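Participant: I would like the atomic coordinates for the input below:
(3 chains)
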Amino acid sequence: MSELSPSAGTSRRGFLRKGAALAMAIPAAELLTGCSEGRASKPAAAPAASSHAMAPAAAPALTARAKADEMDAMHEKGVKAFPAKTSGKGNQLLKPRMQGGVKVYDLTCSEIDWEVEPGRRVKAWAYNGQVPGPQLRVREGDRVRVNVKNNLSQSTAVHFHGLELPNSQDGVPFITQPPIKPGETYSYEFVVPNAGSHMYHSHHNAAFQVGMGLLGAFIVEPKDTRNEPKCDVDEVMILNDTMHGYTLNGKSFPATEPLVATLGQTVRIRFMNEGMMIHPMHLHGMHMTVIAKDGWEQPAPWKCDTLNIAPGERWDVIVKANNPGTWAFHCHILPHAESEHGMLGMVTALVVKPANA
Amino acid sequence: MSELSPSAGTSRRGFLRKGAALAMAIPAAELLTGCSEGRASKPAAAPAASSHAMAPAAAPALTARAKADEMDAMHEKGVKAFPAKTSGKGNQLLKPRMQGGVKVYDLTCSEIDWEVEPGRRVKAWAYNGQVPGPQLRVREGDRVRVNVKNNLSQSTAVHFHGLELPNSQDGVPFITQPPIKPGETYSYEFVVPNAGSHMYHSHHNAAFQVGMGLLGAFIVEPKDTRNEPKCDVDEVMILNDTMHGYTLNGKSFPATEPLVATLGQTVRIRFMNEGMMIHPMHLHGMHMTVIAKDGWEQPAPWKCDTLNIAPGERWDVIVKANNPGTWAFHCHILPHAESEHGMLGMVTALVVKPANA
Amino acid sequence: MSELSPSAGTSRRGFLRKGAALAMAIPAAELLTGCSEGRASKPAAAPAASSHAMAPAAAPALTARAKADEMDAMHEKGVKAFPAKTSGKGNQLLKPRMQGGVKVYDLTCSEIDWEVEPGRRVKAWAYNGQVPGPQLRVREGDRVRVNVKNNLSQSTAVHFHGLELPNSQDGVPFITQPPIKPGETYSYEFVVPNAGSHMYHSHHNAAFQVGMGLLGAFIVEPKDTRNEPKCDVDEVMILNDTMHGYTLNGKSFPATEPLVATLGQTVRIRFMNEGMMIHPMHLHGMHMTVIAKDGWEQPAPWKCDTLNIAPGERWDVIVKANNPGTWAFHCHILPHAESEHGMLGMVTALVVKPANA
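Facilitator: Numbers count the residues shown, from 1 in each chain, chains lettered A, B, ... in the order given. A predicted model of the protein is given here:
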């Protein structure tokens, strides 16, 4: 999805490791040199060390320090593991088959094992074996057919959340269609009516089925692109908080995928909330300019660093990547992002690489 | 409240049944004819049926299908029951008595039995026997008197939420007035100072009393109507999530009342949240244009399909009813809207009738 | 922080007591005189009193009234206690030391006892013995050094939430710096890059450390003040809902501090949410005009009376204090503000004094 130029053959994952190491090296160096920005000083006589030298009574103090070190080691381990490898990747762009001028997408619903973070595997209900399901990306006015094969034990149906479709294609069992029974295939077909960042997901027993993973991004590029912001990186970030824990695009920290940009580039982020809770997403180091809500242009863009995203909402923002470094990017409901064991869940990073890297 | 013309003597309830049947007939027809939009195909040899023919070992597969059918039947039953009849209707427009140029409203607070959905009866604390209480609808500059008779076991008080009243009329016991004791009557009187979609509710032991039902809409039409959008349908939708479960205007799906418009009409919806949780309301098939917050015009209208409404907030939106059919309209915190037993709670529909119906 | 002129030597606390007594006197008087606004009438024969005179069987009715009186007494006691004295006051303006053109702030992190409301003392982790920590208030372009001394049992780090700092000063352990170990001091230094209402708080084991009190306001006045609204009162209101219960600036009602203005004055309120939940703050009697989000000007100010503030967000609003009296000001998630024992938690008041008082 990202329009990153694979410059110097550097993979995003590989780059980030280098970038993070680099970023972390800076304060370490300052620590040693005592330069004017970011000075850390170990007190000449740190209480724990010095008191320990004097008497056994000070042992509790040492224990406290040891406990702090132990906690810090867990935090460090999480950060160093980021971005951690897991099997499976959601939200992969799905190319349509062309059939007589129609863009045809085949979606198969099935139960899978999904690795949310290293070693944590859960049962998931997935479109095409991915959580989130594959990203569908079309153009306003395209004729689209979506064939849905149901290999689940429950009936299902697909609602194209945000698209203003003819009623018969709206995906609500017993109101606009019969449910798609286990073993059946059902086809939706429509001319894409409105542009923007939309979603598709189950609309049958949905509190369960969407929670289990039957969801994905449906991006519609506008016919008239004159108002579209030029951007170098264009990412979807789907928030979730249900059966699989706190996730971004189906993964929990440290298995979340960082966003990567080169200094000076413009990044578009399409937030989508498929969970049950709000998530105020906070970006460090740079602000976000909000340009669209639910696929509709805001009358005037506005700036923030913490954007509250409610279930079912989509918000499009632009970030000017003008501050180099590895920047934390997380839900600001802190228990969604950290525990005493380190960062978790809805945490990722925006990595801004130097322009000449 | 709705300015629907009772054309052809069709009741809203009756219409909807017809409309829903019609809407549901379309995909069924497509199913049979295999037309280009919305094709469903039963696999030539559905696993459940065929395997069952072969061996008793396949019985679990049949059981799975039977389970799916059973779940679907519960979902279908809910949809077919909508809009289900219950006794009692909240938010009914209350006409004032005129007394020397003053619009006088009499509100009696009492404990009642309230049918939230068919067969589910709860204890409620109500104004004039309704949950929400009767809708008060006045004009900016009107002189209004509200006589509150307290037939409850607790003291109470009425706060006119959003109205910028003189302090003495603000309804906060021990700050602006004494509590209204059981058996007492208390009168508020004021000139209506500011237009918009407001509320009235208890401000005494309010977490309990509002949760039990002491709440209602207080709509103020502006003196200067030049900026008011022309609309054919004007509805209040009060969200709640407390003692009576997830409700819209005091009822849970399938007993919620649909909104009904004719193709081409303009619908105004005044969302009000009297609960403890946010509710991102999602309309299918059409977008909403947000025009006011807490009764105050937004500087520029903006569009969305999912509007997050927090406790105490009011949001006014306009929907151009330009997409015919029966459209799901629900809170997108999915457990507020659906379970494995079918749709529930904060679900209703916007029914857009053909213009020549 | 407040630019209140201490006119007539009246303390804010003292004034409020007088103001509240005055406000409460009005309806009491009306009660007696039966004047046209706010008339209360005790029924000629109140059921409890009259029936009690007749038969012992009516005793339950009396009990109900006695219960109502008992509840009312608890509510009255809370209101009368407001603003209640507690030891300790958070969010106090901290004057910097000047060192070679650098504004130097010394922050010491330590565990303290904190009185949240009269008699309720909790363990807190505090900057300089306050919850919230001292308010840092600087100007865009200032060079600032913040020395953080860690006297806690855990490591910590300070993130300047909203400031677009160089990466090395961002305060995220193992990404931008090593954690500040117990006993250590660490220095941040930077040129303040962007104006607005920002925050500083722990970014290490933050769900715990911020919850325990390691947080404060970081206000940056703009270099170019031409767009700054002129205001007479400028207040920070930090919302929290974690280990210390529901608090405003570290205190729960009735120990919260009222905002005080003189009729005609302009009040700026800088809301900041350091908790885990949304808090829709509702002001009685006057509306709020929203001018900034996360320190960034909104493209067009907009009005409301209930502003939903999510964790990590800051919202700046302007209130024109044009309605005299003592006005309730509270979170509209009602259990955050009231129980059957009276008002609690996230409740304060805006007191608008007569101009000639």
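
Participant: if you skip the residues just before and after it, what's nearest to A:M212?
Facilitator: Distances taken as CB to CB, 6 or more residues apart in numbering or on different chains put A:W125 closest to A:M212, at 3.9 Å, once the chain neighbours are dropped. (Glycine included, C-beta is placed from N, CA and C.)

Participant: Same check on A:N194?
Facilitator: Closest to A:N194 by CB to CB, 6+ apart is A:E164, at 5.3 Å.

Participant: Quick check: the one you found touching A:V192?
Facilitator: No - between A:E164 and A:V192 there is no contact under CB atoms under 8 Å: 9.8 Å.

Participant: Return the nearest residue of the stretch 251-357 of chain A with respect to chain B.
Facilitator: The nearest approach of the stretch 251-357 of chain A to chain B comes at A:G312, 3.0 Å away (CB to the nearest CB).

Participant: That residue: how many residues sit nearby?
Facilitator: 27 (other CB atoms under 10 Å in any protein chain shown).

Participant: Okay, it and A:S153: tell me how far apart.
Facilitator: Distance, A:G312 to A:S153, by CB to CB, to the nearest Å: 26 Å.

Participant: before we move on, what about A:S197?
Facilitator: Distance of A:S197 to A:S153, given as CB to CB: 31 Å.

Participant: neighbour count winner among those two?
Facilitator: Neighbour tally, A:S197 and A:S153, criterion other CB under 10 Å: the higher count belongs to A:S197, 23 against 16.

Participant: Now do stretch A:133-146: everything it contacts.
Facilitator: With contact meaning CB atoms under 8 Å, 6 or more residues apart in numbering or on different chains, stretch A:133-146 is reached by A:1, A:90-94, A:96, A:99, A:101-105, A:107, A:126-128, A:158, A:187-195, A:200, A:213-223, A:236.

Participant: what's the helix or strand for A:M74?
Facilitator: A:M74 belongs to helix A:59-81 when assigned by DSSP states H and E.

Participant: so what does that helix touch, helix or strand wise?
Facilitator: In terms of contacts (3 or more CB pairs under 8 Å, 6 or more residues apart in numbering or on different chains; DSSP states H and E), helix A:59-81 is packed against helix A:47-54, strand A:342-343.

Participant: Select from those the stretch with the lowest mean pLDDT.
Facilitator: Lowest mean pLDDT within the helices and strands packed on helix A:59-81: helix A:47-54, a mean of 34.

Participant: Across the sheet, point out what pairs with A:I309.
Facilitator: Per DSSP bridges, the residues bridged to A:I309 are A:H279.

Participant: and it, what does it touch?
Facilitator: Contact partners of A:I309, counting by CB under 8 Å, 6+ apart, are A:L239, A:F271, A:M272, A:N273, A:I278, A:H279, A:P280, A:M281, A:W315.

Participant: Please repeat the previous calculation with a cut-off of 6 Å.
Facilitator: A:F271, A:N273, A:H279, A:W315 (CB atoms under 6 Å, 6 or more residues apart in numbering or on different chains).

Participant: Can you give me the buried ones in the host helix or strand of the first one?
Facilitator: A:F271 belongs to strand A:266-273 when elements are defined using DSSP H and E. Of the residues in strand A:266-273, those buried by neighbour count under the rule 16 or more other CB atoms under 10 Å in any protein chain shown are A:T266, A:V267, A:R268, A:I269, A:R270, A:F271, A:M272, A:N273.

Participant: Can you check the pLDDT for the fifth one?
Facilitator: Note for A:R270: predicted pLDDT of 98.

Participant: State the distance from it to A:R314.
Facilitator: 6 Å.

Participant: Quickly find the element holding A:R137.
Facilitator: strand A:136-139.

Participant: quick one: the following helix or strand past that strand to helix B:59-81, angle?
Facilitator: Using DSSP H and E, the next helix or strand after strand A:136-139 towards the C-terminus is strand A:143-150. Strand A:143-150 and helix B:59-81 meet at an angle of 130 degrees, taking axes from the mean of the first three to the mean of the last three CA atoms, to 10 degrees as the criterion.

Participant: Pairing partners for strand A:143-150, with directions?
Facilitator: strand A:102-117 (parallel), strand A:185-191 (antiparallel).

Participant: and the shortest one, average pLDDT?
Facilitator: Average pLDDT, strand A:185-191: 98.

Participant: Would you mind listing the buried residues in it?
Facilitator: Residues of strand A:185-191 classed as buried by neighbour count (16+ other CB under 10 Å): A:T185, A:Y186, A:S187, A:Y188, A:E189, A:F190.

Participant: Check stretch A:212-225 too.
Facilitator: Result for stretch A:212-225 [16+ other CB under 10 Å]: buried residues A:M212, A:G213, A:L214, A:L215, A:G216, A:A217, A:F218, A:I219, A:V220, A:P222.

Participant: Could you do stretch A:288-308 as well?
Facilitator: Buried-residue list, stretch A:288-308, by 16+ other CB under 10 Å: A:288-298, A:301-308.
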